[in-house]
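> Kindly return the folded structure for what I paste below:
(chains A and B)
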Amino acid sequence: RKEVEQDPGPFNVPEGATVAFNCTYSNSASQSFFWYRQDCRKEPKLLMSVYSSGNEDGRFTAQLNRASQYISLLIRDSKLSDSATYLCVVNGGYGQNFVFGPGTRLSVLP
Amino acid sequence: GAVVSQHPSWVICKSGTSVKIECRSLDFQATTMFWYRQFPKQSLMLMATSNEGSKATYEQGVEKDKFLINHASLTLSTLTVTSAHPEDSSFYICSARDWADQETQYFGPGTRLLVL
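Residues are numbered from 1 along each chain as shown, chains lettered A, B, ... in the order given. From the prediction side, this is the model:
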């Protein structure tokens, strides 16, 4: 089993739609969690950290369920500019390495 | 946020030559830098962890004699792809971790390598 797994995608949605991405991780000792987005031929950029209490940043909401080892990202009112690959990233703990999920490709269509 | 630069941004070379890629942290000290490789339509794969002043730690399956890593200062790590072959063509991305914030990695813009 891979350390971090994500919805296989791709997701093709119309503008204005709400889309949700799921991610599961296998290392129960993992301490911190992130969502990154990566545009084609570019480096990953931090979208948001994920906290146990859940957190929201504008149209983006991230949630973490430690018991189920599950992370989600919800995007409301999708924009064309949201089209990218979304990477779920798990950090094993202080000073540990990041483990990247395979990514889920999102295409928002006009 | 913190800035990490990479140079060059892209390179084309002949098979058998060596290519050096630089990764610099511009406004913070990075005791640890990471080198990733990404093939088309695949996720980032960690190649090695580079610690300032010590030998790099390579992931399983990555040849340390082929991918030479030097982290001589707190702001610079280099990756040298020796005797490059077409199968080494990939997108190489570095990231750096601020010694004061061990949970965050800042990514460089990547280097696209094409070996002919």
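
> give me the low-pLDDT residue ranges for chain A?
Residue ranges of chain A with pLDDT under 70: A:1, A:93-95.

> what does chain B give?
B:1-2, B:102.

> So for the residue located most distally from the centre of it, what's the nearest residue that isn't a sequence neighbour?
Most distant from the centre of chain B: B:Ala100, at 21.1 Å, with distances by C-alpha atoms, centre = their mean. Nearest residue to B:Ala100, sequence neighbours excluded (C-beta to C-beta, 6 or more residues apart in numbering or on different chains): B:Phe28, at 7.5 Å. Yep, even glycine has a C-beta here, placed from its N, CA and C like the rest.

> Also A:Asp39?
With C-beta to C-beta, 6+ apart, the residue lying closest to A:Asp39 is A:Ala84, at 5.1 Å.

> Let me see the ranges of the strands in the chain.
Just going to use chain A. Listed from the start of the chain, chain A has strands (DSSP state E) covering A:4-6, A:11-14, A:19-25, A:32-38, A:45-50, A:55-57, A:60-65, A:70-75, A:84-91, A:98-100, A:104-109.

> wait, I meant chain B there
Secondary structure of chain B by DSSP E: the strands cover B:4-7, B:10-13, B:19-25, B:30-38, B:45-51, B:57-58, B:67-73, B:76-81, B:90-98, B:105-107, B:111-115.

> Dump those strands into TSV; add mean neighbour count and distance to chain A as well.
Output for the strands of chain B, formatted as TSV (neighbours: other C-beta atoms under 10 Å in any protein chain shown; distance: least, C-beta to the nearest C-beta, whole Å):
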stretch	mean neighbour count	distance to chain A
strand B:4-7	18	8
strand B:10-13	14	10
strand B:19-25	21	11
strand B:30-38	24	7
strand B:45-51	19	6
strand B:57-58	18	9
strand B:67-73	17	15
strand B:76-81	21	15
strand B:90-98	24	5
strand B:105-107	24	4
strand B:111-115	18	7
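
> how about those strands in TSV, adding distance to A:Gln69?
Listed next are the strands of chain B as TSV, based on distance: least, C-beta to C-beta, whole Å:
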stretch	distance to A:Gln69
strand B:4-7	30
strand B:10-13	38
strand B:19-25	32
strand B:30-38	24
strand B:45-51	21
strand B:57-58	26
strand B:67-73	32
strand B:76-81	32
strand B:90-98	24
strand B:105-107	21
strand B:111-115	34
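
> Need the residue closest to the centroid of chain B.
B:Trp35 (3.5 Å).

> wouldn't that residue be in contact with B:Cys94 here?
Yes. Counting by C-beta atoms under 8 Å, B:Cys94 is a contact partner of B:Trp35 at 5.5 Å.

> any residues in contact with both of those two?
Common neighbours of B:Trp35 and B:Cys94 (criterion: C-beta atoms under 8 Å, 6 or more residues apart in numbering or on different chains): B:Cys23, B:Ser77, B:Leu79.

> Looking at strand pairing, list the partners for the second one.
The residues listed as beta-bridge partners of B:Ser77 by DSSP bridges are B:Cys23.

> So it versus A:Ser52, what's the distance?
Counting by C-beta to C-beta, to the nearest Å, the gap from B:Ser77 to A:Ser52 is 33 Å.

> what does the last one give?
Distance of B:Leu79 to A:Ser52, computed by C-beta to C-beta: 36 Å.
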